[in-house]
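Trainee: can't give you the sequence, but here's the structure:
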């Protein structure tokens, strides 16, 4: 019981942080949707372009998740502090490259023949959001260090304050200053800068009186070595959902709208799984750092059980009241009718998604990040995507066929990752699972 309690104590604030980030995007969409349809579409397109690049950069910096918890668990706080400094240097380097790439991305919209009104809104939104990439990435190693030290209050304070400030700035800049998408992008940028400042002060207060050794190229390389497979994993995962969105759009306006609603809901509930996954990664990393592989295995299994219990609640909601949930997003009866079967499939989607997220977190704690890349390639592209195409178009099932494929891909990915975790922790040379 103590292990589960300790996991929940860490997972709750991390999950709250993930949900808070998701809510910021939701508030932006609600406010821009009342400004103009073109603004909503332009911000959505711009955000997709941004996230596609930033997810790779974020994954690279997330290599620190395999280093800092193990250093803390092994009683090497100086190494953890030095790794955090290296993570910030890597975040700056990778962030500058990502910023340059994102600034070039709006040119792709013209090649894709996106309507001029949407391009006109997407371009300034993308440019202003690009300025927030470096602050966003700098927050990653600081957040990892605070989580590894189980000092999570600043994370919760930052995300609550960030949501309040973001909503107020959205209203003031979008409507009061009549800046439209530029105002929404500027609000997000200011919140990102404020967040990294809060994290930095929290780390400084936590390490009061402690010196931080200067990081070396070897420290940067160590993070990159763990992080590039995570970046690859996020790239293939984001990619397959992007493909599914394009395929849904080819099916027509109603299937595309239903797919968008169901995916938004699945992304929201996935935030809770990510919180448990992050906590599991830290707890497993602490055990590995202490040289207790049996305890690492036990904590990974506790993380899976806890995550599945949380996701099962969402699955039950999607099964029992899918129509009510869909009505919260639209008043169109045809769209609600098309969304209901997707949410019912999403019940399985929740359990599979939770399993793969927590499996990936447990493996990051072990330092085995390559498995997450290969597991996602196998699950999504060898299994999931062919099934989506076969059922969605070959069997003419439409959007439900696409979602059966997505669910199958996530199920295979989750099974692969947890089998890998169990095999990696099979032997326990010392310690116990107590």
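Mentor: Cool, got the structure. Every value quoted in this text rests on a predicted model; they were computed, and no experiment measured them.
Trainee: just give the nearest non-adjacent residue to residue 203, would you?
Mentor: residue 142 (5.5 Å; C-beta to C-beta, 6 or more residues apart in numbering). Yep, even glycine has a C-beta here, placed from its N, CA and C like the rest.
Trainee: number of nearby residues for residue 374?
Mentor: One way to gauge burial is a neighbour count; for residue 374, by other C-beta atoms under 10 Å, it gives 17.
Trainee: helices and strands around the helix or strand where the residue nearest to residue 203 lies, which ones?
Mentor: Element membership of residue 142, judged by DSSP states H and E, is helix 133-148. Contact analysis of helix 133-148 by 3 or more C-beta pairs under 8 Å, 6 or more residues apart in numbering; DSSP states H and E lists helix 2-33, helix 37-61, helix 68-73, helix 77-104, helix 153-170, helix 181-206, helix 253-289 as its packing neighbours.
Trainee: mind running it again at 6 Å?
Mentor: For helix 133-148, the packing partners by 3 or more C-beta pairs under 6 Å, 6 or more residues apart in numbering; DSSP states H and E come out as helix 37-61, helix 68-73, helix 77-104, helix 181-206.
Trainee: which of those helices comes out lowest on mean pLDDT?
Mentor: When mean pLDDT is averaged over each of the helices and strands packed on helix 133-148, helix 37-61 scores lowest at a mean of 84.
Trainee: give me the buried positions along it.
Mentor: Along helix 37-61, the positions that meet the burial threshold by neighbour count (16 or more other C-beta atoms under 10 Å) are 38-47, 49-61.
Trainee: over to stretch 296-306?
Mentor: Within stretch 296-306, the residues that count as buried by 16+ other C-beta under 10 Å are 296-304, 306.
Trainee: go ahead and confirm residue 156 touches residue 13.
Mentor: Yes: with contacts counted by C-beta atoms under 6 Å, residue 156 reaches residue 13, the gap being 4.7 Å.
Trainee: between those two, which one's more packed in?
Mentor: With other C-beta under 10 Å as the criterion, residue 156 and residue 13 differ in neighbour count, and residue 13 comes out ahead with 23 against 15.
Trainee: now do the more buried one, the pLDDT please.
Mentor: Per-residue confidence at residue 13 stands at 89 (pLDDT).
Trainee: for the remainder of this discussion, apply numbering that starts at 45.
Mentor: Sure, I'll start counting at 45 from here, so that last one is residue 57.
Trainee: how close does it sit to residue 92?
Mentor: The spacing between residue 57 and residue 92, counted by C-beta to C-beta, to the nearest Å, is 28 Å.
Trainee: and if you look at residue 165?
Mentor: When distances are taken as C-beta to C-beta, residue 165 and residue 92 turn out to be 13 Å apart.
Trainee: what lies in contact with stretch 260-275?
Mentor: By C-beta atoms under 6 Å, 6 or more residues apart in numbering, the surrounding residues in contact with stretch 260-275 are 100, 103-104, 106-108, 110, 130-131, 134, 413-414, 417.
Trainee: before we move on, back to that, report the angle between the helix holding residue 186 and helix 121-148.
Mentor: Computed with axes from the mean of the first three to the mean of the last three C-alpha atoms, to 10 degrees, the direction of helix 177-192 lies at 150 degrees from that of helix 121-148.
Trainee: next one: helix 177-192 to chain centre, how far?
Mentor: Its chain's C-alpha centre lies 13 Å from the corresponding centre of helix 177-192 when counted by C-alpha atoms, centre = their mean, to the nearest Å.
Trainee: go on, stretch 70-87?
Mentor: 22 Å.
Trainee: what of stretch 206-214?
Mentor: On the basis of C-alpha atoms, centre = their mean, stretch 206-214 sits 21 Å off its chain's mean C-alpha point.
Trainee: what of stretch 81-88?
Mentor: Distance, stretch centre to chain centre, for stretch 81-88: 22 Å (C-alpha atoms, centre = their mean).
Trainee: again, but for stretch 244-254
Mentor: Using C-alpha atoms, centre = their mean, we find the averaged C-alpha position of stretch 244-254 to lie 27 Å away from the chain's own average C-alpha position.
Trainee: what's the neighbour count on residue 77?
Mentor: Residue 77 is flanked by 14 other residues according to other C-beta under 10 Å.
Trainee: was I right to think it contacts residue 83?
Mentor: No: with contact defined as C-beta under 6 Å, residue 77 does not count as touching residue 83 (8.0 Å).
Trainee: quick check, pLDDT for the spatially closest residue to residue 244 that is not a sequence neighbour.
Mentor: Closest residue in space to residue 244, ignoring its immediate chain neighbours: residue 186 at 6.1 Å, by C-beta to C-beta, 6+ apart. If you check residue 186, the pLDDT there is 97.
Trainee: try residue 255
Mentor: You'll see residue 255 listed with a pLDDT of 81.
Trainee: likewise residue 303?
Mentor: The predicted structure scores residue 303 at 86 on the pLDDT scale.
Trainee: coming back round to it: check the helices and strands packed on helix 177-192 for me and report the most buried one.
Mentor: Among the helices and strands packed on helix 177-192, helix 112-117 has the highest mean neighbour count (mean count of other C-beta atoms under 10 Å), at a mean of 25.
Trainee: need the contact partners of that one.
Mentor: Judged by C-beta under 6 Å, 6+ apart, the contacts made with helix 112-117 from elsewhere in the structure are 123-124, 127, 188-189, 192, 326, 329-330, 332-334.
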